[in-house]
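# here is the input, now give the coordinates:
(one chain, ligands or ions: 1)
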Amino acid sequence: MIAVANAALALCVRCGITVVASQDWHPQEHGSFAVNAGRPVNTLGTLDGLAQIWWPIHCVQNTAGADFHPELNREGLTAIFRKGEQRHIDSYSTFFDNGRRAQTALDGWLRARQIDRLTVMGLATDYCVKYSVLDALHLGYATEVITEGCRGVNLQPEDSAAAPNG
Ligand SMILES: [Zn+2]
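Below you'll find the model as predicted:
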């Protein structure tokens, strides 16, 4: 998928198309981590009133796990929007946290630039890509997905294939 991303980035740079990235950016003590919840990885529980999958530790702030892939050409990125920084709530979408209690700066940033069409790719098809796309559509953006540039978690084998069905 890095090859797909770099090809898309190069095309966008040539054509003057704005490219932004989102970055899962969790504190070490994030409530979605199974180890912090004391629960088995990839099981379902509740975090601050919301259904929550207990994830392995991932994307901890200022660690290699949160960084972009070393082969991703970042020079074409205009801006990076971080999410998942609040300890007590997870944030799959790059627009809102999972409870829609807060939003990132992305929607305002796009609107300030009169950007109303989005093309999305990345990780993971069945979580962050899915919920970002659903929010983008809800917010009124014409949205398409480069599916060959996405990969899923697939806790259930068909999750990624079912993602377009919401
Ligand atoms: Zn995360």
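# Q28 reaches V60, doesn't it?
Yes: using Cβ atoms under 8 Å, Q28 makes contact with V60 at a distance of 5.3 Å. Backbone N, C-alpha and C define where each C-beta goes, glycine included.
# who's in contact with the longest helix seen in the chain?
Secondary structure of the chain per DSSP state H: the longest helix is helix 2-15. For helix 2-15, the surrounding residues in contact (Cβ atoms under 8 Å, 6 or more residues apart in numbering) are 17-19, 69, 71-73, 75-77, 119, 121-122, 146, 148-149.
# does the helix or strand just after it reach the ion?
Using DSSP states H and E, the next helix or strand after helix 2-15 towards the C-terminus is strand 20-24. Yes: Strand 20-24 reaches the ion (Cβ under 5 Å from the ion) through D24.
# and strand 20-24, which strands flank it?
Partners of strand 20-24 in the sheet, by DSSP bridges, are strand 79-83 (parallel).
# which parts of the partner strand are buried?
For strand 79-83, the neighbour count (16 or more other Cβ atoms under 10 Å) marks 81-83 as buried.
# so T78 is in contact with G16, correct?
No: in this structure, T78 is not within contact of G16 by Cβ under 8 Å, at 10.9 Å.
# neighbour count for these two, which is higher?
Neighbours per residue, other Cβ atoms under 10 Å: of T78 and G16, the larger number sits with T78, 13 against 6.
# against V4, how distant is the closest residue to the more buried one other than its chain neighbours?
In space, and not counting its chain neighbours, T78 is closest to T18: 5.2 Å by Cβ to Cβ, 6 or more residues apart in numbering. Using Cβ to Cβ, to the nearest Å, T18 is found at 18 Å from V4.
# what of D116?
24 Å.
# the more surrounded of these two?
V4 (15 against 12).
# where does the more buried one land on pLDDT?
For V4, the pLDDT comes out at 97.
# give the residue spans of the chain that score low on pLDDT.
Low-confidence segments of the chain, defined by pLDDT under 70: 166.
# how about the nearest residue to the residue most central in space within it, chain neighbours excluded?
Centroid-nearest residue in the chain, with Cα atoms, centre = their mean: C128, separated by 3.7 Å. Excluding the flanking residues, the one nearest C128 by Cβ to Cβ, 6+ apart is Y92, at 5.0 Å.
# now the one you found: how far from P70?
Taking Cβ to Cβ, one finds Y92 at 24 Å from P70.
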